[in-house]
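Below are the sequence and a predicted model for it; my questions follow.
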Amino acid sequence: MEPSDSHTFLGLAPIEKDVDVVVLSLPYELTTSYGTGTSQGPNACIEASGQVELFDVDLNEDLPAGLAIHTAKAWDGEEPTLLHQLDSMVGYLNPWFEGDCFPLTLGGEHGILPPLMEALRNHPRVHEDLSNLTVVQIDAHGDLRSELDEEPYSHACAAARALDAGVGQLMQVGIRAFSKEEHERMLSDDRITTFFAQNTQSPFQGTEHWQAWLDLLHTVEGPVHLTVDIDGLDGSLVPATGTPVPGGLTFWQVQQTIQALFDAPKAVVVSADVNEIVPQKDTPLTQFTAAMIATKIVASHAKARRNGRWNLLGETKGTVRPTSMPTIFRNSIKE
């Protein structure tokens, strides 16, 4: 279901003017390997966000905090094949990645990450060179497999495909489920820095490892994309996500990560996504947790704007933008 005029992020009134923040929905679900339902995730998150408190203590005011927040029409996902769908997502995203607004994307399985990287390739701060970009990944899984079930664009390969596209640095936290292949790449690829949940959640040395993670975020420079797979949180907080895993991050650790990244003095968070959202049947806990994370991202962006760490690039544009159908992913596979 796509957002209607009465179904907007945070329940805010629809806008008909230039956009400061856009909430995009990618209800993509084609390579899930365990639990299903991520295609309904973005809509459920937007619906749950209407119950989130608008006041943010770091801003000391209510959202939208002077920003024009637009809930865009959802991607339709009607293309016939996986590669067509990946290209279609790029065409849907591209108009919102031109530096005139902050895009927050809701998913959908983590397979949305490669299309997000292609949209970011043309962002003015990235300058068509993804080696300039740092990806910060909150996740239970490494997502560094070369393929899963013979599919290289599986959700389990999302971070690997981002690196293959040329991403300069990948910083992971919450990781606690991975293959031998992934572990070897974590240790051998100098672009990857992984903080394992076994260490950050340790009852003995956890505080030390967690502080090291926050200190690392403080040193990040240049454009950053934040990708939050909600299974990075402990499974008790998001039991309906596709692959809930015990032993994960607390809600407050995710909040700290978001705050530390947006406060990094030499970094500019140019976009973010919250993915693997699955609506929970008996309680809205999973989608409400995702909505609170998404809200904190928007509030942190508002704070970064206020403090001069995000500057408008180019002229602001309105809520209606043309989509396209590139052939990036179809051309990447040789017949």
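Nice, thanks for sending it over.

contacts and neighbour counts: CA atoms only from here.
Fine.

how close does residue 240 get to residue 289?
In this view, residue 240 and residue 289 are 11 Å apart by C-alpha to C-alpha, to the nearest Å.

between these two, which one's more packed in?
Legend: neighbour count by other C-alpha atoms under 10 Å for residue 240 and residue 289, higher for residue 240 (26 against 21).

The more buried one contacts residue 279, correct?
Yes: between residue 240 and residue 279 there is a contact at 6.5 Å, judged by C-alpha atoms under 8 Å.

what is in contact with these two at once?
Overlap between the contact sets of residue 240 and residue 279, as judged by C-alpha atoms under 8 Å, 6 or more residues apart in numbering, is given by residue 286.

Give me the below-cutoff pLDDT ranges for the stretch 1-150 of the chain.
Low-confidence regions of the stretch 1-150 of the chain, defined by pLDDT under 70, span residues 1-6, 31-37.

So which residues of it form helices?
Assigned by DSSP state H, counting those that start in this stretch, the helices in the stretch 1-150 of the chain fall at 41-49, 82-93, 113-121.

Pick the most deeply packed of these.
Looking across those with neighbours counted as mean count of other C-alpha atoms under 10 Å, the highest average goes to helix 41-49: a mean of 26.

So which other helices or strands are in contact with it?
In terms of contacts (3 or more C-alpha pairs under 8 Å, 6 or more residues apart in numbering; DSSP states H and E), helix 41-49 is packed against strand 21-26, strand 102-107, helix 285-306.

Swap in 6 Å and give it another go.
helix 285-306 (3 or more C-alpha pairs under 6 Å, 6 or more residues apart in numbering; DSSP states H and E).

what's the nearest residue to residue 47 if we skip its chain neighbours?
Excluding its sequence neighbours, the residue lying closest to residue 47 (C-alpha to C-alpha, 6 or more residues apart in numbering) is residue 7, at 6.6 Å.

Hmm, I typed the wrong one, I wanted residue 294.
Nearest non-adjacent residue to residue 294, counting by C-alpha to C-alpha, 6+ apart: residue 274, 6.7 Å away.

Just the element for the most centrally placed residue in the chain, please.
Closest to where the C-alpha atoms of the chain average out (C-alpha atoms, centre = their mean) is residue 273, at 1.9 Å. Here residue 273 sits within strand 266-275, counting by DSSP states H and E.

Just give the closest residue to residue 18, not the sequence neighbours.
residue 318 (4.2 Å).
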